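Enquirer: For reference, the sequence and a predicted model appear below.
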Amino acid sequence: MGSYKIGKLAEAAGVGRDTIRYYERTGLLPAPGRTAAGYRLYSDGDLERLNFIRASQELGFTLEQARQLLTLKASDTATAAAVLAITLDKVREAETRVRKLTEIRDVLQDLADNCPREAPVSDCNIIAFLAEKRRPKK
């Protein structure tokens with residue numbers, strides 16, 4: 001079993017030291033043991049936990065969702081259905097983001113396709129569109 005000081009753990013997990021400290025403060029990472037000199041000392045399990053959190057974030061899960069997934073992972077009674085529910089919520093969020101990004105891309109492409117390239121900026125349809133665009137009410 002390996003043991004890591006904070007710098008080595010940060011390097012192995014690809015995160016910053018402040019990230020590790022933050023995860024400790026928020027309970028995502030358990031408080032580590034300490035050396036006689038007071039240095040934090042982490043285990044392979046801590047590294048695995050950090051890697052799990054990072055993998056979760058790369059798929060778009062929030063830290064709170066990563067926490068929920070870690071809790072489910074450690075549970076003796078939870079079923080995969082609970083993990084699936086969290087994942088399907090994330091799928092729906094991703095689909096919404098993709099739809100919005102597709103709409104933005106389509107508008108940008110239309111503006112680019114209709115740009116009077118050699119005209120003065122005062123005649124630019126992109127500038128006119130941006131100047132006239134009103135923000136939707138929230």
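Expert: Great, that's in hand.
Enquirer: per-domain residue ranges of this structure.
Expert: What the record gives for the chain is the domain set 3-78, 81-132, from automatic domain parsing.
Enquirer: Let me have those domains in a markdown table, adding mean neighbour count and mean pLDDT as columns.
Expert: (Each C-beta comes from the backbone N, C-alpha and C, glycine too.) Shown next, in a markdown table, are the domains of the chain (neighbours: other C-beta atoms under 10 Å; pLDDT from 0 to 100):
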| stretch | mean neighbour count | mean pLDDT |
| --- | --- | --- |
| domain 3-78 | 14 | 96 |
| domain 81-132 | 11 | 96 |
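Enquirer: end to end, how far does stretch 70-78 reach?
Expert: One end of stretch 70-78 to the other measures 11 Å (C-alpha to C-alpha, to the nearest Å).
Enquirer: Run through who's touching that stretch.
Expert: 28, 49, 52-53, 82-83, 86 (C-beta atoms under 8 Å, 6 or more residues apart in numbering).
Enquirer: what's the offset of it from the middle of its chain?
Expert: Distance of stretch 70-78 from the chain centroid (C-alpha atoms, centre = their mean, to the nearest Å) equals 22 Å.
Enquirer: and the one residue sitting closest to the centre of the chain, what does it touch?
Expert: Nearest to the mean C-alpha position of the chain, by C-alpha atoms, centre = their mean, lies Gln57 at 3.8 Å. Shown in contact with Gln57 (C-beta under 8 Å, 6+ apart): 63, 66.
Enquirer: after the longest strand along the chain, next one along is what?
Expert: With DSSP state E setting the assignment, residue counts place strand 40-43 as the longest strand in the chain. Where DSSP states H and E defines the elements, the next helix or strand beyond strand 40-43 is helix 44-58.
Enquirer: Before I go, just wanted to say thanks for your time.
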